[in-house]
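**Student:** okay, predicted coordinates and the sequence, questions at the end:
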Amino acid sequence: MCKIQIPEIPSTATADERRTIMFKALSALNLNDMCEKRGELTYLPWSDCMDVLRSAFPSATYRVIKNSEGLPYFTDPDTGIMVFTEVTIDGVTSECFLPVMDNKNQAMKLVPYTYNVWNSNKKCNEERNVAAATMFDINKTIWRCLVKNIAIATGIGLYIFKGEDVPENSADDARATQPTPAPARKPAVYDKYAGIKQAINTAKDVTSLLSYYLDHQGEIEANPEIKELLTRRKQELQNK
C-alpha cells in the first residue's frame, strides 16, 4: 500500500475542519510517478488511486451504481451511455458520473452512428463515425469515473483534472508545513467554472457542446449563469 504523510489534526478540530485539512494535504501530493500519458492527456491508474485512498482513509468504500436490470450503466437512445459511482469516506458520500466516450470525446451509444463536423481546411461538413460501445468501453469509463470521484471527494490527483503538471503546493511543502485548522473556505469551483466557460465559448459545433454538457452536467445545471451561457452558445452554433 502507498505510504503518504498524514497531517496531524488537532483534537479540537470539527468534522468540516478535518476534511479541509485532509483535502489540502492530499491535493498537494505529487503523483506524477504513478501517472500515464495517453496522447496529450494524463491519467492516474485506478489501482494507484485506490492505493493512495486506502492509505489515507482505510475504511473508505466505493460503489458502482447499477440500473434496474443490474447492469453498471444507464442508456438513452438519443444521448448515449452514462455511468455513475459513489465514494463514501467517514460517513460522507460523494457522487460522480461520466459519459462513455470514444478517443475523440464523442458520446458512444449501444449502436454505431454518424455525425457531421465542420472541416475548416476544406470549408465543408464531414461525416464521421462513432462505433457502438462495448463492455470494454463501459468498464474503462467506470474506473475513470471512480478516479474522478475520488479526486473530487478527497483532492487525490485533482491537479490532473485541472490540467496542471504538478500540484499547486508540492508534497514537500505539505510535509514541511504542518496544517492548522482554518475557517471553511469555498471549494475551488471558480477555476472550474472559468474552464467550463472557456470550453463552452470555444465549442466548434453542437455535437461537441452536447458531449461537454454531458460530462459536466452537474456543474452546469447547478449554475444558472453557466446554463444560460451554454444555451446562448448552442443557439449561435445552430444559426451558423
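**Tutor:** In hand now; what should we look at?

**Student:** residues in contact with Arg144?
**Tutor:** Taking CB atoms under 8 Å, 6 or more residues apart in numbering, we find Arg144 in contact with 43, 46, 98. No exception for glycine: its C-beta is placed from N, CA and C like everyone else's.

**Student:** I'd like the residues you listed as TSV, with neighbour count, distance to Thr207 and secondary structure appended.
**Tutor:** Converted to TSV, the contacts of Arg144 look like this (neighbours: other CB atoms under 10 Å; distance: CB to CB, whole Å; DSSP: H, G, I helix; E, B strand; the rest coil):
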residue	neighbour count	distance to Thr207	secondary structure
Tyr43	16	24	strand
Trp46	16	28	helix
Leu98	21	18	strand
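
**Student:** of those residues, closest to Thr85?
**Tutor:** Here the nearest of those to Thr85, counting by CB to CB, is Leu98; it sits at 8.2 Å.

**Student:** skipping its backbone neighbours, what lies nearest the closest one in space?
**Tutor:** What sits nearest to Leu98 in space, not counting adjacent residues and going by CB to CB, 6 or more residues apart in numbering, is Cys145, at 3.8 Å.

**Student:** what is the burial count for that neighbour?
**Tutor:** 23 (other CB atoms under 10 Å).

**Student:** ok, it - contacts?
**Tutor:** Contact analysis of Cys145 by CB under 8 Å, 6+ apart lists 83-85, 96-98.

**Student:** how about those, which pair is most distant?
**Tutor:** Counting by CB to CB, the most remote pair of the contacts of Cys145 is Val83 and Cys96, 9.1 Å apart.

**Student:** the more surrounded of those two?
**Tutor:** Legend: neighbour count by other CB under 10 Å for Val83 and Cys96, higher for Val83 (24 against 21).

**Student:** what secondary structure does that one sit in?
**Tutor:** Judged by DSSP: H, G, I helix; E, B strand; the rest coil, the three-state class of Val83 is strand.

**Student:** picking that back up, phi, psi of the residue nearest to Leu98?
**Tutor:** Main-chain dihedrals, Cys145, degrees, to the nearest 10: phi -60, psi -40.

**Student:** model confidence score at Ala171, please.
**Tutor:** Ala171 carries a pLDDT value of 42.

**Student:** tell me which stretches of the chain form strands.
**Tutor:** Counting by DSSP state E, the chain has strands at residues 36-38, 41-43, 61-64, 74-76, 80-89, 92-99, 113-119, 124-130.

**Student:** among these, which is the most enclosed?
**Tutor:** The densest packing among the strands of the chain, expressed as mean neighbour count by mean count of other CB atoms under 10 Å, is seen in strand 80-89 with a mean of 20.

**Student:** next one: that strand to chain centre, how far?
**Tutor:** Centre-to-centre, strand 80-89 and its host chain are 11 Å apart (CA atoms, centre = their mean, to the nearest Å).

**Student:** what of stretch 70-83?
**Tutor:** Distance of stretch 70-83 from the chain centroid (CA atoms, centre = their mean) equals 18 Å.
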